[in-house]
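Enquirer: generate coordinates for the sequence data below:
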Amino acid sequence: MRAIFLLYAMTTASLVSSLAFGEDLGGLKTSVSVDTNSQFGLSKGSEGNDRISVREAELLLYSPADHMFDGQLNVAAHSEGGVMHLEVHEAYLGSSKLIPRSRFRLGHFFLGVGRINQIHRHDWPFTTAPRYHREFFAYEGAQDTGLEYTYLFPLPFFLEVTAGLTNGYVFGHDHSTGSKPKTPTHYARAVTYFSMPGEGGAQLGLNYLGRTDNAGTKKTLAGLDFTAKWREAQVLKYLIQAEAWHQWLNSTRQWGFYLFPQAHIGDGFYVGARLDYYTDTSLTYGGGGAYPNGNLTIVPSLLYRSSEFVTARLSLTQDFERQGTTTQSSQMIEFQAVFFLGAHPAHDF
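Expert: Numbering: from 1, shown residues only. I've put the predicted structure just below:
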């Protein structure tokens, strides 16, 4: 009987040890996010697809690889034309312990420029990217494989500078293998933080990005981003977020911006409105003279957040497109529902 008891105890201990090891392999954390999006056109020419679809489902794994390095893997299935595509969004190894006042990552990631380009779209404060972002980056964001390094300067105020160098075979969200560029994608970002009246805080970023593709097309981007937040306990009471970008694409020049204020109105409800604009200043008439053009979009929205894990957003997109002397308008209503399974890592600010 004693031998049977000892055998049972040893087996149980071994099983418990194996389960504990499997559950906490260096602090492995898992998060799943699902982004459901519905678009319905209210007028002719609207971008609404009149369907309900899972826009994106992501599996995120992140953990210390050892006492010096951290790793992250993000695999996403996203809908394109009603068809789901599975791809790696992020897969990198990084560290904030190896070099004093520094952090770096090596692998595949969203490029560290701007505000929304660094954030997965299920975490954006609005449903769909502004027009200029879709033109300059992609519907979600520009991602590539390479090295990114960030240094915090030892100054009496906050100043952090990031520099990155990536393959540059493709730019934006592109599934092709691309061709070897003449100049790979390189970028830099300087960011500072300061206090705002009413116990708020703000982050200001200055951005640069450049590349020259295999065909000799030179792309240069310069941008400014601003984010201000006012919190009360754990509730985000007010948010102001804005970005402005200028693009030089060989001899063409485009610029655009967005401004998004949001306010908490109680019981998990928020109201916000995004104003964005895009234009190509290099367009001219055949006989000369600037060709007036631009896209103005106004998107009021109502957000409900029951917790940090479940959100729902209703938006009305009003789009005004000017080409020469003609202006066309269209309207679209969007409903977005996002939920998370497991803890999602917080953003820097």
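Enquirer: bridge partners for Leu77, pull those for me.
Expert: Not quite, residue 77 is Ala, not Leu. Applying DSSP bridges to Ala77 gives these bridge partners: Ala57, Leu86.
Enquirer: what ranges in the chain fall below the confidence cut-off?
Expert: For the chain, applying pLDDT under 70 flags the ranges 1-26, 81-82.
Enquirer: the stretch 101-250 of the chain: helices as residue ranges?
Expert: Here the stretch 101-250 of the chain has its helices, by DSSP state H, counting those that start in this stretch, at 131-136.
Enquirer: which ones are touching the residue nearest to Leu59 when sequence neighbours are not counted?
Expert: Take Leu59 and drop its neighbours on the chain: the residue closest to it by CB to CB, 6 or more residues apart in numbering is Val75, 4.9 Å away. Bear in mind the C-beta positions are built from the backbone N, C-alpha and C, glycine included. Going by CB atoms under 8 Å, 6 or more residues apart in numbering, Val75 touches Glu58, Leu59, Leu86, Glu87, Val88, His89.
Enquirer: what sits against the residue lying closest to Tyr238 once chain neighbours are set aside?
Expert: Excluding its sequence neighbours, the residue lying closest to Tyr238 (CB to CB, 6+ apart) is Trp230, at 4.2 Å. Neighbouring residues of Trp230 by CB under 8 Å, 6+ apart: Met196, Gly198, Glu199, Gly200, Leu236, Lys237, Tyr238, Leu239.
Enquirer: show me how to select, in ChimeraX, the buried members of those residues.
Expert: Here is the ChimeraX command that selects the buried residues among the contacts of Trp230 (16 or more other CB atoms under 10 Å):
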select :200,237,238,239
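Enquirer: so of the contacts of Trp230, which ones are in strands?
Expert: Met196, Gly200, Leu236, Lys237, Tyr238, Leu239 (DSSP state E).
Enquirer: for stretch 293-300, which positions count as buried?
Expert: So, applying 16+ other CB under 10 Å, buried residues of stretch 293-300: Asn293, Gly294, Asn295, Leu296, Thr297, Val299.
Enquirer: what separates the last one from Gly205, distance-wise?
Expert: With distances taken as CB to CB, to the nearest Å, Val299 is found 23 Å from Gly205.
Enquirer: got it, and the third one?
Expert: Going from Asn295 to Gly205 by CB to CB gives 24 Å.
Enquirer: just the buried residues of the contacts of Val75.
Expert: Buried members of the contacts of Val75, counted by 16+ other CB under 10 Å: Glu58, Leu59, His89.
Enquirer: closest to Gly48 among the residues you listed?
Expert: Checking the buried ones among the contacts of Val75 against Gly48 by CB to CB gives Glu58 as the nearest, at 24.0 Å.
Enquirer: touching, the closest one and Glu140? I think so.
Expert: No: taking CB atoms under 8 Å as the definition, Glu58 is not a contact partner of Glu140, at 11.1 Å.
Enquirer: overlap in contacts, the two.
Expert: Residues touching both Glu58 and Glu140 (CB under 8 Å, 6+ apart): His120.
Enquirer: residue nearest the centroid of this protein?
Expert: With distances taken as CA atoms, centre = their mean, Ile119 lies nearest the centre of the chain, 2.4 Å away.
Enquirer: contacting residues for the closest residue in space to Gln318 that isn't next to it in sequence?
Expert: Nearest residue to Gln318, sequence neighbours excluded (CB to CB, 6+ apart): Ile298, at 4.7 Å. Neighbouring residues of Ile298 by CB under 8 Å, 6+ apart: Ala273, Arg274, Leu275, Thr317, Gln318.
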